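Have a look at this prediction, sequence included:
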Amino acid sequence: MYKKNSKISIKSYLNFSELLNEYRGTHEENRLFALKHEASLPNPKQILLIWMEKNSFRISKKSETKTLLQKFSILSNFVGLFSLIFGFLAGLGLLSYSGHAPVNVIYYLLFAMVIPSLSMIISMVSLLGSGTVFNALSLFFPLHWIETILNFFSFRDKIDTFNTLFSDELKKWMFMSRLQLFSLLFSIGLLFALLVIVVSKDIAFSWSTTLNVTDIGFFKLLASIGFPWGHILPSAIPSVELIEMSHYYRLGENLNTHMIQNADKLGAWWKYLAMVTLFYAIFLRFLLWLATHYGFQKQLEKDFLELDGVEKLLREFNTPFVSTKSPKEEKHLEIVKESDEQVAHDVAKIYKSIIGWNFSNDEILLLNDAKSISSSNISIVGGSNSFLDDQKVAKEAKDEVLLYVKSWEPPTMDFVDFLEDLLANDNIREIQVYPLGTVGRNYESDEREIAIWKRKIQGLKSKKVWVIDV
Amino acid sequence: MYRKEESLNNEYPKFAVVGHPNKGKSSIVSSLALDDSVQIGDTPGTTQVKRGFPLKVDGKIIYELFDTPGFQRARRVLSWLNEQAPVSADKKGDVVRAFIATHRGDERFIDEIELLEPIMNGAGIIYVVDASKPYGSEYETEMEILRWCGQPSMAILNLIGEENYTEQWKNALGHYFRMVRTFNPIKATFRDHIELLDSMSQLKEEWTKPIKVAIKVLEDLQQQKVEQTVDSIVSNMLKTLSYVHRQKIVGESATDKEEEKLKLFYRQKIIKFEKEQEKNIESIWNHRSIEKVENMLVLDNVGLFSKESASIFGLSQQQLIITGASAGAMGGLGIDLLLGGGSLFLGSIIGGAVGGVGAMMGFDNLYEVKVLGQSIGKRELSVGPMKNLNFPYILLGRSLYHASVIAKRSHAMRGDIDLEQEEFLTEQIINSDMRKTLEKVHVSLRKGDEPKEEDLKAYKKVLKESFLGLL
């Protein structure tokens, strides 16, 4: 369930990416959704998460990213556990004491302070540097090599697929954040080993180096290393006396008598070593992990908002939906197929009756003249004539009737009513409908107009009525 | 508040587009409603029932247009109305209502009832005539019926054919309508559309404000469509020009067959990207029915990778050399900047010269095919990103041409696009200064780098400018 201020996780990022590949909604749906969640509209991340949650059922159940995420999680858990165990084992190895030579604190400091500090500095430089710097410096990290080796195993292709889902910048933050976490686990393992050894074994610590370092010089170095906790825990800083008595020379085969006499004091080193581990390897690493995790989270959010399709979604959320569509389905007209049926290609010179539909008497006279057609019985119908007048004309017509019509005016039902009156007259043998073009075109009508008349007449299915197409 | 269902507020302006059959009523509605799904036919009676086309903003209706069937038995209707005379002017509307009530269900008057009903429910009348055909007194019957309705009205002269009887019509219509306007739905531009709406707003005082709102909404919508079109073109340019396809190969080096197969796949993918982009543009401009018209997509006949396409949409050799020189100079400039100008800008000069010659030589060389070695012995063949200097301009020219034709296309149009009638030269709409801006992004993409944000912004700006110039 979505909670306010929910964080974006890799899982939600991948789910969102998959959802956007499968579904992006229409503008209408998205705007409607946005208006229902108007309060979240100013916060793009929040409204996108709500939208994702609402549409999460659309993500296919056989989601590949889900499987990949599980594999990635197993891999991370494995490397994490491995780091913890490796840290513990490394601690046991560093602190192994056979009773012959004491444990050299310098070795331990190397693993608990020097290497972690160096690794943290490289991490920070690679984060601040460009992609090339990161690629070059990442070679120094064991995690890079662990993943490179794992890449050769059977699920290499799957890891490759997984990697293509993220931007280079995000992969960089993801790598750095995981690197800090695994290093932290390694250091926890190291500290745990130190505590286990201190509790379960009676070991002697010493310090030894080929370099010409005086006891006072070494004290100053250790005191400056222990500066962060020196004031709070002074007992966790080795005294000059302890440094003097635990100075070990490589030529002494066994512990010297001075060391044996002060054996109870030699163990006091553990507090210092534990604090070094706790501060440098754990606390600082923890801070760096927090910082990289924050950086990763920010990059994840940035990439989340830059996923393909997000711009469209946000635009549709914020843009009023304008619709001009009709909510009513159109009733499609069934069009009668045109054929040559009831089509005449000749015009006679004399007709018993000539009738003009929507023509004036003068216009008919001009027409007859232009077409060299004559008749003793000329009538006009339609237009401003009354129905009674039209019916009278229809009743009085005989034999062959020529019916002039304006080709550009399609036949209306008013015309069909008149035609049916003519057809009902048994004295009429044949009706010829003659569609004529405008005067400007010398009464020529175009094919498209004639076709309309043909279809209408053919639709009447009468053998008495013809369309003239010359 | 958003309401998906029809707005409860019934006070918005309504307009019924009425007239004789086949005078282009549906074309006018289709054009004004920006909807190419309206059935338009040359057979009378194509529109059998009235259909409302509401302009809704977030579900709220701003105005509504009604497409209606044409008059079929106008004389009979007028005869019935006259039989009720004498009627005072204020009662004439009631007589029309009585006609509707009396004849509802009468098959003879289905069309008349369909067209009179919205008018008697308060819709303004938009009477459409074909001014390319002569006026006839039979129209007076229809106009007389409309006068009986007593609603605000205007007439539209639609020039369907080649002849022109506008003056004749104006003289006749002036007796019946307060306003007579000419509007050709097929050729109407967005501006014509807005002007017609503005005229409609003057029919009734109460309608002025909502129609002004509608005009603002449509202008904003037009702006959004332009932005979305440019975004879509830019997105396709970036996707296409940076596209790299990799394929595993068996041997140490690729065979000719493997290489050809890879190149074919690469080209097909780019063609697919273009098709998707065209579909997207058509959907942005609400031309969803285009796919139903055969041979509509004329760009198909001029394939993306063809020489015809290069000659129509690409740059000329001369322009290509200049562009290549500027692209090369950009690379050289990097060296100059690195040396703090100590190179006396020789980097730019040499880079420019190399780029120019490269542009001339590389016309047929579209993309680089590389064999990539893998540490465990497996090898990959890689093709892309697009290296050819002219290709981005060909793609861009085609995209801008297609988008401009679609954007200008009236929703009343159902025919084909005639490529021959359109004059298009990429060089003319994208001048050399614009090309410099575009080339910054093209250079990055050719190198396989991500373009800088500010370069992309400038790229979009240039494309928007070019696109607007075509509208």
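Perfect, I can see it now. Numbers count the residues shown, from 1 in each chain, chains lettered A, B, ... in the order given.

How about the residue in chain A that sits furthest from its center?
The outermost residue of chain A, judged against the average C-alpha position, is residue A:376 (81.6 Å), by CA atoms, centre = their mean.

before we move on, what SS does that residue have?
Assigned state for residue A:376: strand (three-state reduction, DSSP: H, G, I helix; E, B strand; the rest coil).

can you check residue B:170 too?
Taken by three-state DSSP, the conformation at residue B:170 corresponds to helix.

How about residue A:394, nearest residue that isn't a chain neighbour?
For residue A:394, the nearest residue in space outside its immediate sequence neighbours is residue A:421; the separation is 3.8 Å by CB to CB, 6 or more residues apart in numbering or on different chains. All C-beta spots, glycine's among them, are computed from the backbone N, C-alpha and C.

pLDDT below threshold where in the stretch 201-350 of chain B?
B:289-350 (pLDDT under 70).

name the element the residue nearest to residue A:344 when sequence neighbours are not counted belongs to?
Among residues not flanking residue A:344 along the chain, residue A:466 sits closest, at 4.4 Å (CB to CB, 6+ apart). Residue A:466 is located in strand A:465-468, with elements delineated by DSSP states H and E.

For that strand, what is the distance to the chain centroid?
Once both centres are worked out by CA atoms, centre = their mean, to the nearest Å, strand A:465-468 turns out to sit 64 Å from its chain's centre.

still on that earlier bit, give me every residue that touches the residue nearest to residue A:344.
A:342-344, A:430-433, A:457 (CB atoms under 8 Å, 6 or more residues apart in numbering or on different chains).

Just the buried ones among those, please.
With neighbours counted using 16 or more other CB atoms under 10 Å in any protein chain shown, the contacts of residue A:466 contain these buried positions: A:342-343, A:430-433, A:457.

ok so, going back, can you read off the pLDDT for the residue farthest from the centre of chain A?
As summarised for this prediction, residue A:376 has a pLDDT of 85.

Spit out the contact partners of the residue lying closest to it once chain neighbours are set aside.
What sits nearest to residue A:376 in space, not counting adjacent residues and going by CB to CB, 6+ apart, is residue A:352, at 7.6 Å. By CB under 8 Å, 6+ apart, residue A:352 lies in contact with A:375-377, A:397-401.

Surely residue A:352 is within a strand?
Yes - under the criterion used here (three-state DSSP), residue A:352 sits inside a strand.

separation between it and chain B?
Shown here: residue A:352 relative to chain B, a distance of 26 Å by CB to the nearest CB, to the nearest Å.

The strand holding residue A:466: which residues count as buried?
A:465-468.

so what's residue A:398 closest to, chain neighbours aside?
Skipping the residues right next to it in sequence, residue A:398 comes nearest to residue A:427 by CB to CB, 6+ apart, at 4.7 Å.

Tell me how many other residues surround that neighbour.
The number of residues packed around residue A:427, counting by other CB atoms under 10 Å in any protein chain shown, is 12.

Now for it: which residues touch it?
Residues in contact with residue A:427, defined by CB under 8 Å, 6+ apart, are A:397-399.

From those residues, list the buried ones, please.
Buried residues within those, counting neighbours by 16+ other CB under 10 Å: residue A:397.

Of the contacts of residue A:427, just say which sits nearest to residue A:438.
Lowest distance from residue A:438 to the contacts of residue A:427 (CB to CB) belongs to residue A:397, with 26.2 Å.

so how many other residues sit close to the closest residue to the closest one other than its chain neighbours?
Distances taken as CB to CB, 6+ apart put residue A:353 closest to residue A:397, at 4.4 Å, once the chain neighbours are dropped. For residue A:353, the count of nearby residues is 23 (other CB under 10 Å).

May I have the residues that are in contact with residue A:353?
Going by CB under 8 Å, 6+ apart, the list of residues near residue A:353 reads A:375, A:377-379, A:396-402.

go on, residue B:17?
Residue B:17 sits next to B:25, B:28-29, B:65-68, B:126, B:128 when contact means CB under 8 Å, 6+ apart.

try residue A:196
With contacts defined as CB under 8 Å, 6+ apart, residue A:196 is in contact with residue A:92.

Helix, strand, or coil at it?
Three-state secondary structure (criterion: three-state DSSP) places residue A:196 in helix.

picking up where we left off before, relative to the strand holding residue A:466, what are the paired strands and their orientations?
Strand A:465-468 has its sheet partners listed here by DSSP bridges as strand A:343-344 (parallel), strand A:428-436 (parallel).

Include distance to residue A:188 and mean pLDDT when you put the ones you listed into CSV, please.
As requested, those are arranged in CSV below (distance: least, CB to CB, whole Å; pLDDT from 0 to 100):
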stretch, distance to residue A:188, mean pLDDT
strand A:343-344, 98, 83
strand A:428-436, 97, 91
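
A strand includes residue A:402, no?
Yes - going by three-state DSSP, the assignment for residue A:402 places it inside a strand.

Show me the beta-bridge partners of it.
Partner residues in beta bridges with residue A:402: residue A:354, residue A:432, with DSSP bridges as the criterion.

from memory it sits against residue A:436, does it?
No - with contacts counted by CB atoms under 8 Å, residue A:402 stays clear of residue A:436, the gap being 11.0 Å.

picking that back up, over the strand holding residue A:466, what's the mean pLDDT, rounded is fine.
Strand A:465-468 shows an average pLDDT of 89 in the prediction.

and residue A:319, how far is that from residue B:231?
As for residue A:319, its distance to residue B:231 is 13 Å (criterion: CB to CB, to the nearest Å).

One more: residue A:390?
For residue A:390 relative to residue B:231 (CB to CB), the value is 62 Å.

Compare those two (neighbour count), which wins?
More neighbours surround residue A:390 than the other of residue A:390 and residue B:231, with 23 against 18 (other CB under 10 Å).
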